[in-house]
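>>> here is a sequence together with a model predicted from it:
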Amino acid sequence: MSTVIPFYSRSSLHVDIYDRLHASQEDVAFYQRCARDVGHRVLELGVGTGRVAIPLATAGLDVTGVDGSEAMLSLAKQKARIIPKEVRARLHLRQGDIASLRVRGEFDLAFAAFRVFMSLLTPESQRRALQAVHRRLRPGGLAVGPPKCEIR
Ligand SMILES: C[S@@+](CC[C@H](N)C(=O)[O-])C[C@H]1O[C@@H](n2cnc3c(N)ncnc32)[C@H](O)[C@@H]1O
């Protein structure tokens, strides 16, 4: 099942203005530091418009980003078209529900930045998302939530 929360659907004004409302890069350095400690293969749950994923790929990390919203993902893909080819090759954008995560590969770091996890409204969906992350992380890999900083 692919989740499209109305708030992030194609007709949502929120999607159109998302990057203008939430331009902060304050949390990017945090995820970059986490990856430096554990490895470069990164899984981002709820990648959205690529606000975090694109800078991480630019910094040399290999980022797989999953999101349920086609509208948010298409903004990420638009932005990815204008980044250097070698950076684009490190960015893998997938549509899917993080509560029934289907991605291939093994990751060193997994994270959900900025209000993603709170969209999982039942303990069951939260548990399934965390179990899926656990399956995809290498032994000793790291799963982190958002750091304490303001994203506006
Ligand atoms: C507030 S945005 C955050 C986007 C990005 N992580 C950032 O920091 O800018 C929340 C994102 O989570 C996605 N999302 C929420 N629930 C989801 C689910 N169950 N499966 C996949 N994506 C989901 C939404 O589509 C949206 O793109």
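On my side now, so go ahead.

>>> nearest residue to Q25 other than its sequence neighbours?
In space, and not counting its chain neighbours, Q25 is closest to P55: 6.3 Å by C-beta to C-beta, 6 or more residues apart in numbering. All C-beta spots, glycine's among them, are computed from the backbone N, C-alpha and C.

>>> what's the one you found in contact with, if anything?
25, 28, 32 (C-beta atoms under 8 Å, 6 or more residues apart in numbering).

>>> average pLDDT for the helix or strand that contains it?
Applying DSSP states H and E as the criterion places P55 in helix 53-58. Averaging pLDDT along helix 53-58 yields 97.

>>> is the ligand contacted by that helix?
No - using C-beta under 6 Å from any ligand atom, helix 53-58 stays clear of the ligand, with a minimum separation of 8.0 Å.

>>> check which residues of the helix or strand following that helix are buried.
Next along the chain after helix 53-58, taking DSSP H and E as the criterion, comes strand 62-67. For strand 62-67, burial by neighbour count (16 or more other C-beta atoms under 10 Å) applies to 62-67.

>>> A helix includes P139, no?
No - the assignment for P139 by DSSP: H, G, I helix; E, B strand; the rest coil gives strand, which leaves it out of any helix.

>>> sorry, back to before: quick one: the residue nearest to Q25 and R115, what's the gap?
Using C-beta to C-beta, to the nearest Å, we find P55 at a distance of 18 Å from R115.

>>> and for H22?
The gap separating H22 from R115 is 9 Å, by C-beta to C-beta.

>>> hang on, the earlier thing: now, the contacts of P55 that are in strands?
Among the contacts of P55, no member falls in strands (criterion: DSSP state E).
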